[in-house]
Structures are given as C-alpha cells and as structure tokens.
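Asker: predicted structure and sequence below. I'll ask about it afterward.
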Amino acid sequence: MKKKYQGTVRVKRQQLQALRKEFEILQMKQAEPVDEYFSRVLTTVNKMRIHGEKIEDVAVVEKILRSMSPKFSYVVCSIEESKDLDELSIDELQSSLLVHEQRMTTPSSTEEQVLKASTHGEIYNGRGSSRGHSRGRGRSRGRGRDKGEHSNFVEKKEQETLLMASHLKEELDPDIWYIDTGCSNHMCGNKSFFSHLDESFHTTVVFGDHSKVDVMEKGDIQIRTKQGSVETISSVFFVPHLKSNLLSVGQLQEKGYETVFK
C-alpha cells in the first residue's frame, strides 16, 4: 500500500509539473475569440487545482492579461491602469474583454451612422495634412490621408473637445491617432509630424506588456481645426518605430480639455 501510494503521488507531481508548464506557455492566438481562450486557460487551471495546485484567481487574471493577442494591448493597458487586479474577478475580466471584442467587430454600416455626427480636423506633418472625422469611443481605426479619408483627432478652442474612434478591420495606419485612457503621455513614432523637438529630452516608457522603449525626444505637433485655426498638441514623446500614435486622455484633461466618449 505504501509503495502504491508513493507511486500515485509521484505520478500526480509529474502531471502537475506538466500542467504548470502548459499554463506558463499559454498564449492567445491571433484570431482566437475571447470565450475560447478563457475556456483553454480555465481548463488548464481546473486540472492544476484537481492535482493539488493552490492557484489564486489573481494569478489567472494576470496570466490572461499578459498573454492576450496584440490587438488587445490597449484594452489590457487600460484595465491594468484602472482596475485593482486583486479585486478583479475572472468573470468580470472576461465580460470586459468580450465587450471590447464586440466593438472591434462592429459592422462598418454602424460606423457610417456614427460618422454622420462627426467633426473635422487636419494633422500637419512633413508630407502634407490628413483630413478626418472626430467623435466616438475607444481607439480609432479610421484611415488618415490627403484626399478626405478618415483621421481621428481634433483639438478645438471650445470648452468641449470631441474625440472619435471607429473600428475597422484594417492594418494599422501610421497617420492615425489612437485615444488611450491608460497612456500617461502623448506618443508618436513619426518624426515628420513634429513642428518642434527638444533633442536633449530622453526617458523610457513602459507598456501594458511590461516592455520598455526609449523616448528619444519630446516636442509639438500642429493640427488645423475645422474652423481653420492652427492648434498645437504639446509635450508629445517621440518614440522611434512606434507603430501607433497615442493620445493620452489624462494629459488632455490636465491641460483643461474636456473629453467626451459616446
């Protein structure tokens, strides 16, 4: 009986080690639905618990957040900044991610209805200006080039600043600005956008996946409002090779702007 028991314990320990390794390497696939990924993670977690592993929900939440596919990077950053992960349940996290997933797959016909109430603006850069429509919610997914295609940012002298974001299934456009509630500073990866740069400024920033990038300079970017006046987005970090230009909601509010998401 003693030998049999010891053999059983050894087998369970080996199985648990294998499950731990499986848990560590879990990663959301590029086109995998949120529900399916949560099911894969929780299946492994439940097996670990059956084999005696005392894994807390917060460890599962943190694992899921750091292993989401890149398209959820902005959502993950926002959740980590705004939520207490020790108090966030797995069900709450899943519900939140499902809502964002649904917005990412919103049909373009719905976007067209939203765009009917948009305002317009231009972003100046070395290659000319790009017109756009501004109003909405979340991160922008519009196109932003010369001939009246969609850009997603406008700053105005009026008290209320309207920021739009729509969701399209397209590759990231280097001219688009994404509205980020979790980002502490405006950031841009295109040097030609800047009208002025402080070359002596250097720092680092940390993203939601805990990766660090170097900020080489800081400067100003000019835009034209729909009224025709030229306004300035100041204190923008220049991060070489950054694929997405980010607008910090917090930084806008610190400067007295009012942001409205609808």
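Answerer: It's in.
Asker: just the terminal-to-terminal distance for stretch 72-91.
Answerer: 17 Å (C-alpha to C-alpha, to the nearest Å).
Asker: any idea how far that stretch is from the chain center?
Answerer: Computed by C-alpha atoms, centre = their mean, to the nearest Å, the chain-centroid distance of stretch 72-91 equals 11 Å.
Asker: can you give me the buried ones in it?
Answerer: Buried positions in stretch 72-91, judged by neighbour count with 16 or more other C-beta atoms under 10 Å: 72-80, 88, 90. The way it works is simple: take the backbone N, C-alpha and C, and place the C-beta from them, glycine included.
Asker: can you tell me what sits against it?
Answerer: Here stretch 72-91 makes contact (C-beta atoms under 8 Å, 6 or more residues apart in numbering) with 28, 38, 42, 57-58, 60-62, 64-66, 68, 93, 96-97, 100, 139, 178, 180-183, 207-209.
Asker: cross these against helices and list the overlap.
Answerer: 38, 42, 57-58, 60-62, 64-66, 93, 96-97, 100 (DSSP state H).
Asker: list buried residues within the residues you listed.
Answerer: For those, buried by 16+ other C-beta under 10 Å: 38, 60-61, 64-65, 93, 96-97, 100.
Asker: mind listing the strands for the stretch 101-250 of the chain?
Answerer: For the stretch 101-250 of the chain, the strands defined by DSSP state E, counting those that start in this stretch cover 119-125, 128-134, 160-162, 177-180, 187-188, 194-198, 203-206, 212-215, 217-225, 230-238, 245-248.
Asker: I'd say residue 44 and residue 20 touch.
Answerer: No. Residue 44 lies out of contact with residue 20 (C-beta atoms under 8 Å); the separation is 9.2 Å.
Asker: the two - which one has more neighbours?
Answerer: A count of neighbours by other C-beta atoms under 10 Å puts residue 44 above the other of residue 44 and residue 20, at 19 against 15.
Asker: who touches the helix or strand that contains the more buried one?
Answerer: In this assignment (DSSP states H and E), residue 44 forms part of helix 34-50. Applying C-beta under 8 Å, 6+ apart, the external contacts of helix 34-50 come out as 16, 19-20, 22-23, 26, 28-29, 55, 60, 63-64, 68, 90, 94, 97-98, 101.
Asker: format the strands of the stretch 101-250 of the chain as a markdown table; extra columns: mean neighbour count.
Answerer: Below are these laid out as a markdown table (neighbours: other C-beta atoms under 10 Å):
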| stretch | mean neighbour count |
| --- | --- |
| strand 119-125 | 20 |
| strand 128-134 | 22 |
| strand 160-162 | 17 |
| strand 177-180 | 24 |
| strand 187-188 | 23 |
| strand 194-198 | 15 |
| strand 203-206 | 12 |
| strand 212-215 | 13 |
| strand 217-225 | 20 |
| strand 230-238 | 19 |
| strand 245-248 | 24 |
